[in-house]
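> A predicted structure for the sequence below; I have some questions about it.
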Amino acid sequence: MDKELLKVEDLEVSIQTYRGEVQAVRGVSFSIRPGEVFSIVGESGCGKSVTAQTIMKLNASPPVFIRKGKIIFEGRDIVPLSEKEMRQIRGRDISMIFQDPMTSLNPSKKVGKQIEEALKVHQHGHRKDMWNRSVELLRLVGIPSPAVRARQYPHEFSGGMRQRAMIAMGLACTPKLLIADEPTTALDVTIQAQILELMKKMKEREGNAIILITHDLGVVANMADKVAVMYAGKIVETASCDELFAHPLHPYTRQLLAAKPKLNQSRDKKLVTIEGMPPSLINPPTGCPFAERCKEKTARCAMAMPPEITLAGDHKVSCFQHQDAGISQEVCV
Amino acid sequence: MKTGEILVELNDICEYFSVGKKKLKALDGINLTIRSGEVLGVVGESGCGKSTLGRVISRIYHPTKGQVIYKGVVSNVPRRTEKEHRLTPKQKKEYCKNVQVIFQDPYSSLNPRHTTRKSIIRGMEVHNLYPGHQEERMKELLQMVGLPESAADRYPHEFSGGQRQRICIARALSIEPELLICDEPISALDVSIQSQIVNLLIGLKEKLGLTMMFISHDLSVVKYICDRVVVMYLGTVMEVADSQELYRNPLHYYTKALLSAVPIADPEVEKKRHRILLNGDIPSPVDAPSGCTFCSRCPYADELCAKERPQLKEISPGHMVSCHHLDRIKENETKEEAYATV
């Protein structure tokens, strides 16, 4: 369990647009162990989806460029790999499910055939066996009468069922890592609960690691082992799930947690708001990206990016506030 | 009008749409009241008819059957019966002034060719309000919703989602409505921006004494802002109660399932929680069940549910539920609790 499955080191990704170069991911590092659920949370435009797509190398280059950094999967850096070599990895070792099951399935192909496709690329075997396997997969993800459903087209499926089919497809070749990019954002809460439960069950069965990308802290609390909070292309805080919710250290994490009304929140208490908006990533600020909106900022924050410091319990945070605390804590130990 | 009096009354509202030769029943017999000064929440999954309800109340749609009564005056009826009720154009216009809507998507609900000034002042011009002082009124509104005065000369594309939603709110408030219908006003926004808009709406409601109907699928936000909550499913009302009561003591099985499906941002709570997972999906409203609309997903359903639609019954003051088997649900739960304690 100690060996890392995936290690991302100082990843920098930028996207060229007419308005200039958007520095979508600015120095992101994290690592995932086998069987772990690692969650990346953040608001729209913080670079969480770009990070995920870069791990799969799904982005066309140009306009997207990996400027710096390594993505080490099972001891091998996949950044310099060619498209042909990547194709060997995609689906078999790493697979991905997307937010919108409506647009990520091929509308002109039967669902069973689409699942079969993933099997055909990576495994050799008899056609009939593969078809049976895709029906079996549909059954596993909880689709009623899978043999009939496999012969239907995506438009005959409801949103939740399409997402189930996507999960079946993602898990077809028993990958070691499943990247789920906002898998439940387009779904209703009751369906969301079903899908999350299914992902947990499948994880237990197959033992795959999951990168779960979401903006919903509730989903994170339900699923994740480890959480990274992203803001403006940087990871500002990483910790185990329990630790993060119990002791959020970065001001952004704290305010994000307070900004969402809880089911047991009293109505007399005013919601905490984060004033302003995230900075543009075309000319990102040199200092802490959150400094402009932070209520606890000091003069130092706008000048330089605070370094990431590791506190007790593998809790990493990038904030000057805790730099001093980090040292004192070490002294205590 | 005093707080607590009935402002809007919905009598057996039905809204059917034609889909080919079939009928899609978006609303099927809704009876509701909105009291003056309250915030009424409407929750439900997509396709349950909550937006259609908002649109019928705001006269964007005419109902297929039933009446919307506003302050005792019949204000929205099926189009063919409008003559019987002698709805004059003047009355209709007056009604539009009193009931305003904020839509979900601030990207498509503002005219891209109109500056903020034009968008906000247009309503005042139509209703002939603040003659000669419209410019000042507009500036006052911008300030009220937290936008700089310089926003007046800019176009929608120059604003972010949260700012656009603020413009929509300013536009809706420009003609001093009594009832503000918020149709998912925050679901297109990021969490940090959501709380800004929620606080703004609450502040404005208190300042201006508005009555609000807040349509949303986000149950935690609804609990935070609303006084009373309506739970809808497939075009029918499942449960109505004060928000505190509904969240503390949900009676309908669907409400229970809906509440238990809301993820809570606390891993401690999440681990302990017992989650009710509903089977299957919402059936299509085109061939909705003729009995209880929820019967295809309810574990307590029997023949009675499939045949006969349960009526909304008042269980305790202000708490109404439509279900045949409340006793059985309760009985079963006490049993389960007993097991849990043993």
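Cool, the structure landed.

> give me the residue from chain B nearest chain A.
Closest approach between chain B and chain A, counting by C-beta to the nearest C-beta: B:P263, at 2.7 Å. Every residue, glycine included, has its C-beta placed from N, CA and C.

> how about the contacts made by that residue?
Contacts for B:P263 (C-beta atoms under 8 Å, 6 or more residues apart in numbering or on different chains) come out as A:V189, A:Q192, A:A193, A:L196, A:D216, A:G218, A:V219, A:A221, A:N222, B:E270.

> what is the helix or strand harbouring the second one packed up against?
Just to be clear, that refers to A:Q192. Element membership of A:Q192, judged by DSSP states H and E, is helix A:189-206. Counting contacts by 3 or more C-beta pairs under 8 Å, 6 or more residues apart in numbering or on different chains; DSSP states H and E, helix A:189-206 packs against helix A:159-170, helix A:217-223, helix B:253-261.

> helices and strands around the helix or strand just after the last one, which ones?
So that's helix B:253-261. Next helix or strand after helix B:253-261 toward the C-terminus (DSSP H and E): helix B:267-272. Judged by 3+ C-beta pairs under 8 Å, 6+ apart, the packing partners of helix B:267-272 are helix A:217-223, helix A:241-246.

> for the record, mean pLDDT for helix B:267-272?
Helix B:267-272 comes out with an average pLDDT of 82.

> quick check: residues of the stretch 51-200 of chain B near chain A?
B:S160, B:G162, B:D190, B:V191, B:S192, B:I193, B:Q194, B:S195, B:Q196, B:V198, B:N199 (C-beta under 8 Å from any C-beta of the partner chain).

> let's see it at 10 Å
Of all the residues in the stretch 51-200 of chain B, those in contact range of chain A (C-beta under 10 Å from any C-beta of the partner chain) are B:146, B:160-163, B:189-200.

> before we move on, back to that, mind saving the C-alpha coords of the helix holding A:Q192 as CSV?
Only the C-alpha atoms of helix A:189-206 are listed here, as CSV (Å, rounded to 0.1, in the frame of the first residue of the first chain):
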residue,chain,number,x,y,z
VAL,A,189,-29.8,14.5,-5.3
THR,A,190,-31.5,11.1,-5.1
ILE,A,191,-29.7,9.9,-8.2
GLN,A,192,-26.5,11.4,-7.0
ALA,A,193,-26.8,9.3,-3.8
GLN,A,194,-27.2,6.2,-6.0
ILE,A,195,-24.2,7.0,-8.2
LEU,A,196,-21.9,7.7,-5.2
GLU,A,197,-23.0,4.5,-3.5
LEU,A,198,-22.3,2.6,-6.8
MET,A,199,-18.8,4.2,-7.1
LYS,A,200,-18.0,3.1,-3.5
LYS,A,201,-19.2,-0.4,-4.1
MET,A,202,-17.3,-0.7,-7.4
LYS,A,203,-14.2,0.6,-5.7
GLU,A,204,-14.4,-2.0,-3.0
ARG,A,205,-14.9,-4.7,-5.6
GLU,A,206,-12.2,-3.7,-8.1
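
> what about B:A265, neighbour count?
21 (other C-beta atoms under 10 Å in any protein chain shown).

> counting by contacts, list what the lengthiest helix in chain B packs against.
The longest helix of chain B (DSSP state H) is helix B:191-208. Helices and strands touching helix B:191-208, by 3 or more C-beta pairs under 10 Å, 6 or more residues apart in numbering or on different chains; DSSP states H and E, are helix A:251-259, strand B:39-43, helix B:134-144, helix B:161-173, strand B:179-183, strand B:211-215, helix B:219-225.

> picking up where we left off before, phi, psi of the residue of chain B closest to chain A?
phi -70, psi 140 (degrees, to the nearest 10).

> reformat the helices and strands packed on helix B:267-272 as TSV; add mean pLDDT, distance to B:L110 and mean neighbour count.
As requested, these are exported to TSV (pLDDT from 0 to 100; distance: least, C-beta to C-beta, whole Å; neighbours: other C-beta atoms under 10 Å in any protein chain shown):
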stretch	mean pLDDT	distance to B:L110	mean neighbour count
helix A:217-223	89	30	24
helix A:241-246	91	38	20
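
> nearest to B:V56, of the ones you listed?
helix A:217-223 (31.9 Å; C-beta to C-beta).

> please see if the closest one touches chain B.
Yes: contact of helix A:217-223 with chain B (C-beta under 10 Å from any C-beta) involves A:L217, A:G218, A:V219, A:V220, A:A221, A:N222, A:M223.

> phi, psi of the residue lying closest to B:K93 once chain neighbours are set aside?
Spatial nearest neighbour of B:K93, chain neighbours left out: B:H127 (7.3 Å); criterion: C-beta to C-beta, 6 or more residues apart in numbering or on different chains. B:H127 has phi and psi values of phi -90, psi 10 when expressed as degrees, to the nearest 10.

> count of neighbours near B:H127?
So B:H127, with other C-beta under 10 Å, has 15 neighbours.

> just to revisit the earlier point, could I get the helices and strands packed on helix B:267-272 as a markdown table with distance to B:E84?
Compiled in a markdown table, the helices and strands packed on helix B:267-272 are given as follows (distance: least, C-beta to C-beta, whole Å):
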| stretch | distance to B:E84 |
| --- | --- |
| helix A:217-223 | 50 |
| helix A:241-246 | 60 |
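
> among those helices, which is nearest B:G280?
Comparison of these against B:G280 by C-beta to C-beta identifies helix A:217-223 as nearest, at 21.1 Å.

> before we move on, the earlier item: generate a PyMOL selection restricted to the buried entries among the residues of the stretch 51-200 of chain B next to chain A.
Selecting only the buried entries of these in PyMOL, with 16 or more other C-beta atoms under 10 Å in any protein chain shown as the criterion:
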select buried, chain B and resi 146+161+162+163+189+190+191+192+193+194+195+196+197+198+199+200
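
> in chain A, what residue is nearest chain B?
Taking C-beta to the nearest C-beta, chain B has its nearest neighbour within chain A at A:G218, 2.7 Å off.

> gap between the closest residue to that residue other than its chain neighbours and B:K271?
Nearest residue to A:G218, sequence neighbours excluded (C-beta to C-beta, 6+ apart): B:P263, at 2.7 Å. B:P263 is 13 Å from B:K271, where distance means C-beta to C-beta, to the nearest Å.
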